[in-house]
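J.: Test case, fold it:
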Amino acid sequence: MTHLATYVRLLHRSEQSLADSLRVVGVGHAAEADVFHTAHLLADWSDEHTRRLEPIAQRLTQASAAEEPQRMNHPPIKEIRDSAVGLPRDLQDLYLLPPSSRPAGRSSRARPKAPGTGSSRPSRRSAPRRPPVS
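T.: Residues are numbered from 1 along each chain as shown. Modelled structure (predicted):
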């Protein structure tokens, strides 16, 4: 139970950090309408995740008083860059936040499995052979 409590607290804190960081980047780069609206939409999703995790995190925190690893906590982004490459670098900073605070979905490192195989490589036998051209 101790490890579960630790990871739920880390996830809860990471979601809060992600929401705060997304809002800072969205407001800071408000001239880019897509960035502003998408960042706020994602921040709202993170707020919803935080809200749903809150009762679970509180219940597990009361049951366990284990120390949380400090190196796994990353502070939210507090300010944006104003240089010519500020937006891409700020978006990169958002991407580099801890994996637990990224929106759910397929990992960027995971390769999809080829259908009907246990491998991530497509099978050569899966495509029908074409007759030679005469």
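J.: same for the longest helix along the chain, what does it pack against?
T.: Criterion DSSP state H: the longest helix present in the chain is helix 33-63. On a contact count with 3 or more Cβ pairs under 8 Å, 6 or more residues apart in numbering; DSSP states H and E, helix 33-63 meets helix 2-28. Using the backbone N, CA and C atoms, a C-beta is placed for each residue, glycine as well.
J.: and the helix it packs on, what does it pack onto?
T.: helix 33-63, helix 86-95.
J.: what about residue 52, neighbour count?
T.: 12 (other Cβ atoms under 10 Å).
J.: any idea how far it lies from residue 88?
T.: Note on residue 52: its distance to residue 88, by Cβ to Cβ, to the nearest Å, is 32 Å.
J.: before we move on, what about residue 78?
T.: Separation of residue 78 from residue 88 (Cβ to Cβ): 18 Å.
J.: before we move on, what about residue 8?
T.: Distance from residue 8 to residue 88, by Cβ to Cβ: 33 Å.
J.: Between the two, which has more neighbouring residues?
T.: residue 8 (18 against 10).
J.: Can you tell me, leaving aside adjacent residues, what's nearest to residue 83?
T.: Nearest non-adjacent residue to residue 83, counting by Cβ to Cβ, 6 or more residues apart in numbering: residue 89, 7.8 Å away.
J.: what pLDDT does the one you found get?
T.: Looking at residue 89, its pLDDT reads 90.
J.: Can you get me a residue count around it?
T.: By other Cβ under 10 Å, neighbour count at residue 89 equals 11.
J.: Is it correct that it is in contact with residue 81?
T.: Yes - counting by Cβ atoms under 8 Å, residue 89 touches residue 81, with 5.4 Å between them.
J.: Next one: residue 13 from residue 46, what distance?
T.: 11 Å.
J.: An error on my part: the question was meant for residue 20.
T.: Counting by Cβ to Cβ, the gap from residue 20 to residue 46 is 9 Å.
J.: give the contact list for residue 39.
T.: 22-23, 25-26, 29 (Cβ atoms under 8 Å, 6 or more residues apart in numbering).
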